[in-house]
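>>> Got a sequence here, can you model it:
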Amino acid sequence: MNPRNCRIDHLVTSGTFSLDGGTWDVDNNVWIVGDEREAIVIDAAHDAQAIEAALDGRTLRAIVCTHAHNDHIDAAPALAAATGAPILLHPDDLPLWKQTHPGRAPDGELADGQELEVAGTRLRVLHTPGHAPGAVCLHAPELSTVFTGDTLFQGGPGATGRSFSHFPTIIDSIRGRLLTLPPRTVVRTGHGDPTTIGDESDHLQEWIQRGH
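Take a look at the predicted model:
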């Protein structure tokens, strides 16, 4: 299938993020990658019905979790039940997953270097720990895009001040796995506006100094 038929749909859902005894209101980006027949969902956040409606009858091939903070996975089991799609998660994030869904395990594992395919388009899994141990990004070179979850945002790395996170590790992940991508690569994030690898690479030293 021609990858030019593949498109990226964007949905914003709202809910709460809870960790370490705190709860915050958040808006999450849900990314749907596919064509008119099939798709994958990246981060099933908050509202399974809204995500299913955005699929518009397409076959859902997988629900991919960039990490297992509750705001990125809370709607995943309901969406899986409605569509029959498997939930995929890096195994290093199972402790976080179990905090939200103790009675429901993911259906499959994500591994560094693994390739997913939808609508003739490849998405390569990049293990990028730091925000969470099992955090991953998905690089779609044919779409000049990387989906970064909460690893890289417009203006800097994801938060590392809570359990299971580590600032030097996220900097290593961003430097070694993301800033090596082509500068024009569009960064589609877990929250907020997109950016590009080129725009963010200029600020690496500022982030490092800010984090110490």
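
>>> if I pick His90, what's in contact with it?
65, 67, 109-111, 125, 127, 134-136 (C-beta atoms under 8 Å, 6 or more residues apart in numbering). For every residue, glycine as well, the C-beta is placed using N, CA and C.

>>> Would you mind measuring from it to Thr185?
21 Å (C-beta to C-beta, to the nearest Å).

>>> try Gln99
Gln99 is 32 Å from Thr185, by C-beta to C-beta.

>>> Who has more neighbours out of the two?
Legend: neighbour count by other C-beta atoms under 10 Å for Gln99 and Thr185, higher for Thr185 (21 against 16).

>>> which one is that one nearest to, not counting chain neighbours?
Closest residue to Thr185 apart from its sequence neighbours, by C-beta to C-beta, 6 or more residues apart in numbering: Ile197 at 4.4 Å.

>>> can I assume that neighbour is in contact with Arg175?
No: with contact defined as C-beta atoms under 8 Å, Ile197 and Arg175 do not form a contacting pair (11.6 Å).

>>> Please say which of these two ends up with more neighbours.
Between Ile197 and Arg175, Ile197 has the larger neighbour count (other C-beta under 10 Å), namely 21 against 14.

>>> so where do the helices sit in the chain?
Here the chain has its helices, by DSSP state H, at 48-55, 70-73, 76-83, 94-100, 167-173, 197-201, 204-211.

>>> Can you tell me which helices and strands the shortest one packs against?
Contact here means 3 or more C-beta pairs under 8 Å, 6 or more residues apart in numbering; DSSP states H and E; on that basis helix 70-73 packs against strand 7-19, strand 22-34, helix 94-100.
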